[in-house]
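[1] missing the sequence, but the structure's below:
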C-alpha cells in the first residue's frame, strides 16, 4: 500500500507498523527516532499504518519527540529507584519542576540520598538502556487503574484518575514497574542513552540534552536565587494542600475555590509590596522589569507602581517598545522577517541618553512608537523628575547591560518575572512552565489581536528561540525574581482556551499541539473566571481587568 513519509510517497506492506517504518528509515535521521505524527496526530510506534496516511517520524529535535524522551527517562528513574531502594524504606518519589536542563526530584522515605545511591540509580538506568526493554502499553478501566494506584501507594494518581471523564486509562509497564504518564511513550529503552544524574540541594536532578543539541549534556547551572523562588512556590502550594491537579479539583468540588484564589492573590500582593520596599531601601531611581512572553510584565509594572506610591514615590512607567528603531532600520532574522526581539531593534543609545537626562533633572520628551507607520513620534508632554520620582521600565531587554550600561548600578533595581509553574498533574507528571505561558498567550492573542490559536502556536517556537537568546541568559542579573504563576489559573483559563483550540484545523501542522493542550486541560475542572480579581495578573490575558481592560 502507499503512504507519505515526510510528504514523499512510498510503498509498504500491509500491516506495517510505525516501528517497522522507523527501523527501515532510521539511517535517514541524525538522531534516534522516538515517535511519529500520523495525519497530524501523535502516535507511538505500536500502531499499524493505514493506506494514504501522512507520516512524520520524530527525533528529540521535534517538540513532541523531546516530550517522549523526557517521559521515557522519567520512567527509567522511577523504576530504578523502586528496584534499588527497599520497599519498606521507600515512601515515594516526586518529580518536582524543571531547573534549566535538569528535572528536580525528591525521594521520600527512610533513606539517605548520597552520591553512592545516586550512582547506583544511574547505573541501573544504563542497564535498562543496554537491555533495550520494551515499554508495554495497557488500556484498563479507569476504576481499575484507581484501585491499582491505591495499592501501589501512588495517591496523587488516584486523585487524578478520580476526575477522569474517560472510562479507560492507559498505563505502561517496564518489567515489574507500572505507571501512568500523560502523553506518548517511547517504544523501548534503547533510544534513551543520553542523560545524567546529579545531586542538588536536598534532592537530585536528571539532566537531559537540549532539543537543538540532542547529543550533548549541558552543564547544570542554576542560581540559588532561582531555585529559592521555585522551592518557595512549591512549599507554599504544598502548605495549601494543592500540589497537584487532583488536589486542585478536590478544592473546587468542596466549594473552597474562592478562598484558595483569594489567598494566592494576597500572596502576590504581599510579594509585590516586599519588592517595592526593597526598591525604596536600595534608593534605586530606575526599575527595569524583564521576562519571557506572557509572564504578566505589564500588569506587574502597574501593581508595583501602586505599591511604590504607597511608599511615597511617584513612579513613571516607560515601555521599551517605544524605543524601537524605525522599521527600515530593524534587523531581520534568517527568514527575512523583521526581528523585533533582538537588542539591536532598540535604540539603546537614545534610550540611555533620555534616562541619563531625566536622572540629571532635565526635561525630556519621551517617544511613542507608531506600529502602523513603523516610526517613533513625539507627542507626549515633556517629563522632568525630582527626588521622589522613579522610572519603571518594562521590556524583554530590561536585564541586558547593553540597555543601561551608562546608568550607574546603584541607580538600578532589576526584576525578572516569569510564570514558573510548580503545580503537577501528579507526582510523576510535571506541568511545563511553557505550557501555562502558551495558553495565556493563545487566549490573549485571540481576544486582543484577532489571532487564531493556530497562528499563535505556529509562532511559539520562534518566540521561544528569541527568549533563549535575549531573556534567559540575563535572568541571573536580577536583584529579585517574581513568580507570576497562579495555582488556579489553568482551571480559570480552560473555558477561554477550549473553544479557540478546537478551531485548529486537522490538516494543519499545529493540530497535534492543539490536541495535546486540549487533552491537558481536560484534567482540570473549570471554574467561573468572573471571580478572578480585577487587578489579577490573569486579567492581562482573559480581559476585564481594571489595569489594562
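    Received the coordinates, thanks. What you see is a predicted model, and the numbers here were worked out from it, not measured in a lab.
[2] can we go C-alpha only for contacts and neighbour counts from here?
    Fine.
[3] What segments of the stretch 251-400 of the chain are helices?
    For the stretch 251-400 of the chain, the helices defined by DSSP state H, counting those that start in this stretch occupy 257-282, 297-310, 348-359.
[4] If you count neighbours, what's buried in the longest one?
    Buried residues in helix 257-282, counting neighbours by 16 or more other C-alpha atoms under 10 Å, are found at 257-258, 260-261, 264-265, 268-269, 272-273, 275-277, 279-280.
[5] what does stretch 183-201 give?
    183-199.
[6] what's next to it, contact-wise?
    Outside of stretch 183-201, the residues within contact range by C-alpha atoms under 8 Å, 6 or more residues apart in numbering are 19, 32-35, 42-46, 68-69, 71-73, 104, 114-115, 118-119, 122, 126, 128-135, 204-209, 215-217.
[7] likewise stretch 323-336?
    338-340, 342, 344-348, 350-351, 367-369, 374-376.
[8] likewise stretch 287-294?
    279, 297, 301, 390-399, 412-419, 437-438, 440-441, 463, 467, 471-472.
[9] Would you list the buried entries among these?
    279, 297, 301, 390-399, 412-419, 437-438, 440-441, 467, 471-472.
[10] pLDDT on the helix or strand harbouring residue 515, on average?
    Assigned by DSSP states H and E, residue 515 falls within helix 511-521. Averaging pLDDT along helix 511-521 yields 95.
[11] what does it contact?
    Helix 511-521 has contacts (C-alpha under 8 Å, 6+ apart) with 37, 40-42, 435, 453-454, 457, 490-491, 494, 498, 501-502, 504-505.
[12] at 7 Å instead, please
    40-42, 494, 498, 501, 504-505 (C-alpha atoms under 7 Å, 6 or more residues apart in numbering).
[13] Repeat that for stretch 542-549.
    Residues from elsewhere that reach stretch 542-549 (C-alpha under 7 Å, 6+ apart): 299, 443-444, 534-535, 539-540.
[14] top of those residues by neighbour count?
    residue 443 (28 neighbours; other C-alpha atoms under 10 Å).
[15] mind checking the backbone torsions on that residue?
    Main-chain torsions, residue 443, degrees, to the nearest 10: phi -70, psi -50.
[16] Beyond the helix or strand where residue 65 lies, next helix or strand please.
    Assigned by DSSP H and E, residue 65 belongs to helix 63-84. The first helix or strand that comes after helix 63-84 along the chain, using DSSP H and E, is strand 90-99.
[17] which parts of the helix or strand following that next one are buried?
    As assigned by DSSP H and E, the chain's next helix or strand after strand 90-99 is strand 102-109. For strand 102-109, the neighbour count (16+ other C-alpha under 10 Å) marks 102-107, 109 as buried.
[18] Next, the angle from strand 102-109 to helix 63-84.
    Per axes from the mean of the first three to the mean of the last three C-alpha atoms, to 10 degrees, the angle that strand 102-109 makes with helix 63-84 is 30 degrees.
[19] Pull up the pairing partners for strand 102-109, direction included.
    When sheet partners are counted by DSSP bridges, strand 102-109 sits next to strand 90-99 (antiparallel), strand 203-207 (antiparallel).
[20] what about the shortest one, average pLDDT?
    Per-residue pLDDT over strand 203-207 has a mean of 97.
[21] Could you do the longest one as well?
    If you average the pLDDT over strand 90-99, you get 94.
[22] which other residues reach it?
    Against strand 90-99 from outside (C-alpha under 7 Å, 6+ apart): 103-110, 222, 422, 427-428, 430.
[23] And for the last one?
    When contacts are taken as C-alpha under 7 Å, 6+ apart, the neighbours of strand 203-207 outside the stretch itself are 101-107, 195-199.
[24] Please apply the same query to stretch 162-177.
    79, 134-142, 145, 178-180, 523.
[25] for that stretch, which positions count as buried?
    Buried residues in stretch 162-177 (16+ other C-alpha under 10 Å): 162-164, 169-174.
[26] Redo these as a markdown table? Include pLDDT and distance to residue 226.
    Putting the buried residues of stretch 162-177 into a markdown table (pLDDT from 0 to 100; distance: C-alpha to C-alpha, whole Å) gives the following:
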| residue | pLDDT | distance to residue 226 |
| --- | --- | --- |
| 162 | 91 | 34 |
| 163 | 92 | 33 |
| 164 | 88 | 34 |
| 169 | 93 | 36 |
| 170 | 95 | 35 |
| 171 | 96 | 34 |
| 172 | 97 | 34 |
| 173 | 97 | 35 |
| 174 | 97 | 35 |
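[27] Report the two of the residues you listed separated the most.
    The span of the buried residues of stretch 162-177, defined through C-alpha to C-alpha, is set by 163 and 174 at 25.9 Å.
[28] Reformat the buried residues of stretch 162-177 into JSON lines and put distance to residue 250 and secondary structure next to each item.
    Converted to JSON lines, these look like this (distance: C-alpha to C-alpha, whole Å; DSSP: H, G, I helix; E, B strand; the rest coil):
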{"residue": "162", "distance to residue 250": "10", "secondary structure": "helix"}
{"residue": "163", "distance to residue 250": "9", "secondary structure": "coil"}
{"residue": "164", "distance to residue 250": "13", "secondary structure": "coil"}
{"residue": "169", "distance to residue 250": "20", "secondary structure": "strand"}
{"residue": "170", "distance to residue 250": "23", "secondary structure": "strand"}
{"residue": "171", "distance to residue 250": "23", "secondary structure": "strand"}
{"residue": "172", "distance to residue 250": "26", "secondary structure": "strand"}
{"residue": "173", "distance to residue 250": "28", "secondary structure": "strand"}
{"residue": "174", "distance to residue 250": "31", "secondary structure": "strand"}
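[29] Let's have those in a markdown table, adding distance to residue 317.
    Formatted as a markdown table, these follow (distance: C-alpha to C-alpha, whole Å):
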| residue | distance to residue 317 |
| --- | --- |
| 162 | 47 |
| 163 | 45 |
| 164 | 46 |
| 169 | 51 |
| 170 | 51 |
| 171 | 52 |
| 172 | 52 |
| 173 | 55 |
| 174 | 55 |
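[30] Closest one to residue 356 out of those, please.
    Distances from residue 356 to the buried residues of stretch 162-177, taken by C-alpha to C-alpha, are shortest for residue 163, at 57.2 Å.
[31] how much space between residue 117 and residue 124?
    Separation of residue 117 from residue 124 (C-alpha to C-alpha, to the nearest Å): 11 Å.
[32] Ok, residue 212 next?
    27 Å.
[33] Over to residue 25?
    According to C-alpha to C-alpha, residue 25 stands 30 Å off from residue 124.
[34] Between those two, tell me which one has more neighbours.
    residue 124 (19 against 13).
[35] which non-adjacent residue is nearest the more buried one?
    In space, and not counting its chain neighbours, residue 124 is closest to residue 80: 5.9 Å by C-alpha to C-alpha, 6 or more residues apart in numbering.
[36] which ones are touching that neighbour?
    121, 124-125.
[37] what's the host helix or strand of residue 238 in contact with?
    Secondary structure from DSSP H and E places residue 238 in helix 224-239. Residues outside helix 224-239 that contact it (C-alpha under 7 Å, 6+ apart) are 243, 422.
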